[in-house]
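Engineer: please work out how this folds:
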Amino acid sequence: IKAMISLDMVGFGSVLQIGTLPGSGAGSKKLAQALETQARALKLPVEKFQTPPWSDHVAFARAGVPAVWVWWCRDRLFHTARDGVQRVNPEKMRAVARVLLRYLMTNN
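Structural biologist: Here you go, the predicted model:
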């Protein structure tokens, strides 16, 4: 495994966030920077953040695998009864796919 990119909640939000677990190694930071570079090249609103210790990428980061969590943040309805599939924005999902494709094409 070269890296782990967790895509979670990529269908709704205002800012694309790319997070690393605090204390994760240089590989995770390098991965986050590379993804941020691709997002900025696509003119997406993007920022880095330190993730909480409870998401799908955490076990990988703790095992020394470069790992990040990518999501569109600031969704006030996240995990509420009104959070449903009807709120998914296909363009947000396409934007994340474009970031990943650009990353994969330049970092193989």
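Engineer: what's the burial count for the closest residue to Gln50 other than its chain neighbours?
Structural biologist: Closest residue to Gln50 apart from its sequence neighbours, by CB to CB, 6 or more residues apart in numbering: Pro22 at 4.8 Å. Quick note: C-beta positions are derived from backbone N, CA and C, even for glycine. The number of residues packed near Pro22 is 10, by other CB atoms under 10 Å.
Engineer: residues contacting Cys73?
Structural biologist: 9, 13-17, 49 (CB atoms under 8 Å, 6 or more residues apart in numbering).
Engineer: typed the wrong thing, it's Pro53
Structural biologist: Shown in contact with Pro53 (CB under 8 Å, 6+ apart): 21-22.
Engineer: go again with 7 Å.
Structural biologist: Applying CB atoms under 7 Å, 6 or more residues apart in numbering to Pro53 gives the contacts Leu21.
Engineer: for the one 3 residues further on, same thing?
Structural biologist: Applying CB under 7 Å, 6+ apart, one finds that Asp56 lies in contact with 6, 8.
Engineer: hang on, the earlier thing: check which helix or strand covers the residue nearest to Gln50.
Structural biologist: Using DSSP states H and E, Pro22 falls within no helix or strand.
Engineer: for it, give me the pLDDT.
Structural biologist: For Pro22, the model assigns a pLDDT of 94.
Engineer: now do the end-to-end distance for stretch 35-54.
Structural biologist: By CA to CA, to the nearest Å, the extent of stretch 35-54 from end to end equals 21 Å.
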